[in-house]
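A.B. asks: missing the sequence, but the structure's below:
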């Protein structure tokens, strides 16, 4: 996976447009990045320099090593997705259990049996 593909996947995972990513970097680091810069990165026409890699790392909340290829990018993305999804699944299970009990579902002893 290229750096451009990684930027696109991380940006899309947040539900951000290229404009929103550029704006987030501009706000935090007082730069003048445009949507076109982000598009060029994502199409691998231009490689972001060291400064912008640090900006991307901070704004997208991922370790800088991910952009520098010190870790396997695909593995990182899978682990990040699992970390984001696990709390939601746990919440849904707890919510369903409480709702069942409040709705006259089985007692604790019946669940154990």
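C.D. replies: Received it, and whenever you're ready, just let me know what you need. Being a predicted model, the structure only gives us computed values, none of them experimental.

A.B. asks: Tell me both backbone torsions, phi and psi, for residue 9.
C.D. replies: phi -70, psi -40 (degrees, to the nearest 10).

A.B. asks: For it, grab the count of nearby residues.
C.D. replies: By other CB atoms under 10 Å, the residues close to residue 9 number 18. Every C-beta, even on glycine, is put in place using the N, C-alpha and C of the backbone.

A.B. asks: what pLDDT does it get?
C.D. replies: Residue 9 carries a pLDDT value of 91.

A.B. asks: Residue 32 versus that one, what's the distance?
C.D. replies: 25 Å (CB to CB, to the nearest Å).

A.B. asks: What is the burial count for residue 47?
C.D. replies: 12.

A.B. asks: typed the wrong thing, it's residue 60
C.D. replies: So residue 60, with other CB under 10 Å, has 20 neighbours.
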